[in-house]
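Colleague: just the structure for this:
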Amino acid sequence: MLNPNLDEIQLNSDDYERYSRHLILPEIGVEGQKRLKSASVLCIGTGGLGAPLLLYLAAAGVGRIGIVDFDVVDTSNLQRQVIHGTSWVNKPKIESAKNRILEINPFCQVDLYNTRLSAENALDILKPYDIVVDGTDNFPTRYLVNDACVLLDKPNVYGSIYRFEGQATVFNYQGGPNYRDLYPEPPPPGMVPSCAEGGVLGILPGIIGVIQATETVKIITGAGTTLSGRLLLYNALDMKFRELKLRPNPVRPVIEELIDYEQFCGIPQAKAAEAQQQMEISEMTATELKQLMDSGANDFVLIDVRNPNEYEIAQIPGSVLVPLPDIEQGKGVEKVKELVNGHRLIAHCKMGGRSAKALGILKEAGIEGTNLKGGITAWSQEVDPSVPQY
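Modeller: From the prediction side, this is the model:
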């Protein structure tokens, strides 16, 4: 529980009316609302998790909210990032979020940091705030936020989502565990697909983000028992919650400084390996593929390595579906061999990454091929706009 000087904090007539449903709760009351008014919370990200938690922190009466984000609103965000609206597409997310926050609570101080959080700026940005809420979607930033919170001794309210599942907890609070106790080492790059690749139920981040907001309010007011030491797991498909106990690892490395988190998570090495793989695999543009098709050539086969549900959304004419998992398991390799049968092989996916991986596997099996640069997204943008982008 934070310890402001409550004698210096006064609730005005608007506060009494606006927060009347809080004030009549014995667990919050006037003292708890004063704590909320004096509290400062920093939210890293205004995406799926940041959107609902910012709305509810503002509505709860948190006096100062900081927002870190450098992205702009995209139409694909609106399925889950409910703080943004159609009129804000292609505009900065932090400005959209601030506009909505002040519609809910015009008395909230909103600080904007239109920048990427890094080892160089993290400590300065986090330092003025009581609590940090992690709404990020990548491992380097999660480790960065964790380590900065440890160095500054600040609670870190954590959440993550993928497809139909989410998790939440509170790190670095009252001697409890931190993120490195849950994940001592990051997974290999690419092992955990992003939401753009794997998808996410739009409602899911709303549930996890609201849990993060709830934990933040409990830390500020001292009400209830937080998730510190407990990892809450949620499965939306089965509508089930379960808990795992978390404990500090007595032999974990001591965090003494911020490091290069991209390097720690193997991002540069993975990019170098991907670049080398791409150098070894020939590419063609969407325009070049269209020219090949228009020429009437029939000496090539085009395979689509996306998942079947993606194939239902959009297809390039004449493509044959051979999902990447099938190729990885071997049965797809045999299917490709039958399809090629002396023809030239061209492969595509959504944006080019998975098809490059598929061609690397096929190359080891003795099948050379060409990758469609930019995948079906490039085809839609450069050749046929009627093909849906997703």
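Colleague: A strand includes V333, no?
Modeller: No - using DSSP: H, G, I helix; E, B strand; the rest coil, the secondary structure at V333 is helix, not a strand.
Colleague: which non-adjacent residue is nearest it?
Modeller: In space, V333 comes closest to A365 once its chain neighbours are excluded; the distance is 5.0 Å by Cβ to Cβ, 6 or more residues apart in numbering. In this view, the C-beta of every residue, glycine as well, is placed from N, C-alpha and C.
Colleague: wait, that neighbour sits on K331?
Modeller: No - when contacts are counted by Cβ atoms under 8 Å, A365 is not listed as touching K331 (12.0 Å).
Colleague: give me the distance between the residue of the chain positioned farthest from its centre and L372.
Modeller: In the chain, counting by Cα atoms, centre = their mean, G296 sits farthest out from the average C-alpha position, at 43.5 Å. Computed as Cβ to Cβ, to the nearest Å, the G296 to L372 distance reads 19 Å.
Colleague: tally up the residues packed near T285, please.
Modeller: Here the count is done by other Cβ atoms under 10 Å, and T285 has 15 residues near it.
Colleague: got the contact list for it?
Modeller: Residues touching T285, when contacts are defined by Cβ atoms under 8 Å, 6 or more residues apart in numbering, comprise 372-374, 378, 382.
Colleague: list just the nearest of those to V336.
Modeller: When the contacts of T285 are compared for distance to V336, the smallest value, 15.2 Å, is given by L372; criterion: Cβ to Cβ.
Colleague: just grab the bridge partners of the closest one for me.
Modeller: On the basis of DSSP bridges, L372 takes part in beta bridges with M284.
Colleague: count the neighbours of it for me.
Modeller: Neighbours of L372 using other Cβ under 10 Å come to 27.
Colleague: now swap in the one 3 residues further on and tell me
Modeller: Taking other Cβ under 10 Å as the criterion, the count of residues near G375 is 24.
Colleague: which residues touch it?
Modeller: G375 sits next to 348-352, 355 when contact means Cβ under 8 Å, 6+ apart.
Colleague: is it true that H84 touches S76?
Modeller: No - contact between H84 and S76 fails when scored by Cβ under 8 Å: they sit 11.1 Å apart.
Colleague: which one of the two has more residues nearby?
Modeller: Higher neighbour count among H84 and S76: H84, with 23 against 13, using other Cβ under 10 Å.
Colleague: from the centroid of this structure, which residue is nearest?
Modeller: For the chain, the residue whose C-alpha lies nearest the mean C-alpha position (Cα atoms, centre = their mean) is D137; its distance is 2.4 Å.
Colleague: list phi and psi for that one.
Modeller: phi -130, psi 20 (degrees, to the nearest 10).
Colleague: that one touches I44, doesn't it?
Modeller: No - with contacts counted by Cβ under 8 Å, D137 stays clear of I44, the gap being 10.3 Å.
Colleague: show me the contacts for Y158.
Modeller: For Y158, the contacting residues are 134, 142, 168-171, 179, 212, taking Cβ under 8 Å, 6+ apart as the criterion.
Colleague: typo on my end, it should be R252
Modeller: With contacts defined as Cβ under 8 Å, 6+ apart, R252 is in contact with 180-181, 184.
Colleague: how about D111?
Modeller: The contact partners of D111, by Cβ under 8 Å, 6+ apart, come to 64-67.
Colleague: next, count neighbours for G61.
Modeller: Using other Cβ under 10 Å, G61 has 24 neighbouring residues.
Colleague: N99: which element?
Modeller: Per DSSP states H and E: N99 is located in helix 93-104.
Colleague: and that helix, which residues are buried?
Modeller: For helix 93-104, burial by neighbour count (16 or more other Cβ atoms under 10 Å) applies to 93-101.
Colleague: likewise stretch 63-75?
Modeller: For stretch 63-75, a neighbour-count test (16+ other Cβ under 10 Å) marks 63-69, 72-73 as buried.
Colleague: helix, strand, or coil at the closest residue to E328 other than its chain neighbours?
Modeller: With sequence-adjacent residues excluded and distances taken as Cβ to Cβ, 6+ apart, E328 is closest to I361, at 6.5 Å. Counting by three-state DSSP, the backbone at I361 sits in helix.
Colleague: counting neighbours, what do you get for I361?
Modeller: Residue neighbour count, defined by other Cβ under 10 Å, stands at 17 for I361.
Colleague: and it, how far from L57?
Modeller: Distance from I361 to L57, counting by Cβ to Cβ: 46 Å.
Colleague: quick one, strands of this protein?
Modeller: With DSSP state E as the criterion, the chain has strands at 40-44, 64-68, 109-113, 131-134, 156-162, 165-171, 230-235, 240-245, 282-284, 300-304, 320-321, 344-348, 370-372.
Colleague: nearest to G224 among the ones you listed would be which one?
Modeller: Shortest distance between G224 and those, using Cβ to Cβ, is found for strand 165-171: 11.7 Å.
Colleague: each with direction, which strands does that closest one pair with?
Modeller: Taking DSSP bridges as the criterion, strand 165-171 forms sheet pairs with strand 156-162 (antiparallel), strand 230-235 (antiparallel).
Colleague: from the ones you listed, which stretch is densest packed?
Modeller: Across the strands paired with strand 165-171, the average number of neighbours (mean count of other Cβ atoms under 10 Å) peaks for strand 156-162, which reaches a mean of 25.
Colleague: what angle separates that strand from strand 40-44?
Modeller: With axes from the mean of the first three to the mean of the last three Cα atoms, to 10 degrees as the basis, strand 156-162 and strand 40-44 are set at 30 degrees to each other.
Colleague: for strand 156-162, what is the average pLDDT?
Modeller: Throughout strand 156-162, pLDDT has a mean value of 97.
Colleague: cool, and stretch 7-16?
Modeller: Confidence over stretch 7-16, taken as the mean pLDDT, stands at 94.
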